[in-house]
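>>> pasted the sequence and its predicted model underneath.
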Amino acid sequence: MQDILNRTSVRRFLDRKIEPEKLKQILQAGFAAPSAKNTQPWEFLIVQNRETLAKMATFSPYAGPIGRAALGMLVCADTNCNPFIDYCEQDCAAATENMLIAAKKLGIGSCWIGVYPNSERVEPIRQYFSLPQNIVPLWMIAFGYPAETPKVKNKWNDAKIHYEKF
Ligand SMILES: Cc1cc2nc3c(=O)[nH]c(=O)nc-3n(C[C@H](O)[C@H](O)[C@H](O)COP(=O)(O)O)c2cc1C
């Protein structure tokens with residue numbers, strides 16, 4: 001519970017590699033997510049090459065953290081698993097949140113970087129990674145050992161909780 005409550009986005013990282021065993025645990029957390037009809041439409045493209053990470057940082061004006069990360073992940077949906085992209089997105093978001101929490105538990109910071117549905121981001125990524133038509137790049141995740149400790153935001157909001165009726 002503390003890892004959920006204390007997770008923050010981390011955008012600055014140490015020059016330290018993520019151990020393969022830790023990456024495996026993060027991926028295990030992703031694969032453990034629920035998905036509509038258990039279709040598991042996710043594809044995880046893992047990047048540690050510095051040149052490729054620098055390129056990924058150019059795909060969005062807000063993608064700076066991926067260029068500083070030890071490891072970048074492109075989370076994609078496979079619409080052959082579920083033709084409804086909205087469901088794919090929900091499934092992949094569940095997998096992503098699991099991975100962010102698992103990373104936090106392992107002492108690794110992370111930042112979710114939005115891509116889909118902005119076509120100015122989707123199309124260059126699709127081309128760069130030669131993605132087939134059924135594979136939709138949804139977002140990227142920057143992972144790395146934190147070089148900063150952002151303050152935890154208090155997001156609790158009584159006004160957003162509704163009992164029995166809205
Ligand atoms: C769908 C989505 C897209 C996001 N895109 C970006 C982004 O492009 N760049 C970035 O630095 N942070 C991005 N974030 C991180 C949010 O800015 C961050 O989660 C939010 O400000 C709350 O802060 P916290 O994660 O520290 O609690 C994104 C988060 C989500 C869920």
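Ah, there it is.
>>> and whichever helix or strand residue 25 is part of, what's buried?
Using DSSP states H and E, residue 25 sits within helix 20-31. Neighbour-count burial for helix 20-31, counted by 16 or more other Cβ atoms under 10 Å, picks out 22-23, 25-27, 29-30. From N, CA and C alone the C-beta is placed, and that goes for glycine too.
>>> do the same with stretch 82-96
82, 87-96.
>>> just the closest of the buried residues of helix 20-31 to the ligand, please.
Within the buried residues of helix 20-31, the smallest distance to the ligand is 15.1 Å, found for residue 30 (Cβ to the nearest ligand atom).
>>> pretty sure the closest one is touching residue 93, no?
No. Using Cβ atoms under 8 Å, residue 30 is not in contact with residue 93; the gap is 11.0 Å.
>>> point out where this structure drops to low pLDDT.
Applying pLDDT under 70 to the chain flags no residue at all.
>>> residues from it in reach of the ligand?
Listed as neighbours of the ligand in the chain under the rule Cβ under 6 Å from any ligand atom: 8-9, 11, 60, 62-63, 65, 111-114, 150, 153.
>>> how about these in JSON lines, adding distance to residue 139?
Below are those laid out as JSON lines (distance: Cβ to Cβ, whole Å):
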{"residue": "8", "distance to residue 139": "17"}
{"residue": "9", "distance to residue 139": "13"}
{"residue": "11", "distance to residue 139": "15"}
{"residue": "60", "distance to residue 139": "9"}
{"residue": "62", "distance to residue 139": "11"}
{"residue": "63", "distance to residue 139": "10"}
{"residue": "65", "distance to residue 139": "12"}
{"residue": "111", "distance to residue 139": "10"}
{"residue": "112", "distance to residue 139": "6"}
{"residue": "113", "distance to residue 139": "6"}
{"residue": "114", "distance to residue 139": "5"}
{"residue": "150", "distance to residue 139": "19"}
{"residue": "153", "distance to residue 139": "20"}
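>>> right, I'll leave it there.
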